[in-house]
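Student: Provided below for reference: sequence and predicted model.
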Amino acid sequence: MMILETCVAPEWVDYNGHMNDAEYARVFSLAVEALMDHIGLDAAGRQRHGYTIYTLETHLCYRREAHEGQPLRVALSLLDRDAKRLHAFFELLDEAGNLLATSEQMLMGIDSEAGRPAPFPAPVEAAIGALPHVARDAWPALAGRTIGIRR
C-alpha cells in the first residue's frame with residue numbers, strides 16, 4: 001500500500017550530491033505520520049482519542065542513492081501487530097519502482113494523558129485491521145535483519 005509520495009528537497013542533499021542518510025529517516029518518519037493519518041490519528045484524532053504513536057525501534061537499510069528533485073514513494077506492509085504495537089515495514093521507491101531504502105519499525109500506541117502504552121482505540125484498531133498484512137513466511141527479504149559482520 002502506498003502511504004506517502006514526496007520528492008527529494010534541495011536541503012536534503014549533502015556534500016556527496018545525494019540525499020543525506022538522515023533524510024531517509026526523515027522520509028520514513030513522514031511515512032509514519034501518513035500512516036497515523038490513515039488510521040485516524042491525525043491531529044483531530046489524536047485530540048479526540050487522547051492517543052498517539054511513538055517509534056520504539058527502527059532498522060534502516062540503504063540500497064540506492066536518491067537525488068535532488070527525484071520523486072519518492074513509500075509503500076507500507078504490516079508485518080505484525082498486537083493490541084498496542086505495530087511492526088511495520090516501509091519501502092522507499094523511486095519513480096520507476098526501484099528500491100532505494102527500507103525501514104523496519106516497531107511502533108507503540110500511547111495514551112497521551114498517561115504517557116503510557118495503551119491498546120489502540122476501537123476505531124483505530126478497525127483501521128489497522130484493514131491495512132495490508134504480510135504473513136511471516138512471506139516477509140520481504142530485508143525484514144527481520146540483524147546487524148553484524150559476517151564471518
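Tutor: Alright, I've got the coordinates. Numbering: from 1, shown residues only.
Student: now do the buried residues in the helix ranked longest in the chain.
Tutor: Ranked by residue count and defined by DSSP state H, the top helix of the chain is helix 21-38. Neighbour-count burial for helix 21-38 flags 23-24, 27-28, 31-32, 34-36, 38 (criterion: 16 or more other C-beta atoms under 10 Å). For glycine as for every other residue, the C-beta is placed from the backbone atoms N, C-alpha and C.
Student: give me every residue that touches the closest residue to H18 other than its chain neighbours.
Tutor: Of all residues not flanking H18 in the chain, E65 sits nearest, at 4.0 Å (C-beta to C-beta, 6 or more residues apart in numbering). E65 is in contact with 18-19, 100, counting by C-beta atoms under 8 Å, 6 or more residues apart in numbering.
Student: ok but E65 is inside a strand, no?
Tutor: No: counting by DSSP: H, G, I helix; E, B strand; the rest coil, E65 falls outside a strand, being coil.
Student: where are the low-confidence patches of this structure?
Tutor: For the chain, applying pLDDT under 70 flags no range at all.
Student: center of it - which residue?
Tutor: Central residue of the chain (C-alpha atoms, centre = their mean): V32, 4.4 Å from the mean position.
Student: that residue and M106 touch, don't they?
Tutor: No: with contacts counted by C-beta atoms under 8 Å, V32 stays clear of M106, the gap being 11.2 Å.
Student: shared neighbours of these two, anything?
Tutor: Common contacts of V32 and M106 (C-beta under 8 Å, 6+ apart): 55, 88.
Student: name the nearest residue to M19, sequence neighbours excluded.
Tutor: M19 sits nearest to A66 (C-beta to C-beta, 6+ apart), 4.1 Å away.
Student: same thing with E91?
Tutor: A75 (4.5 Å).
Student: quick one: that neighbour from L99, how far?
Tutor: A75 sits 10 Å away from L99, taking C-beta to C-beta, to the nearest Å as the criterion.
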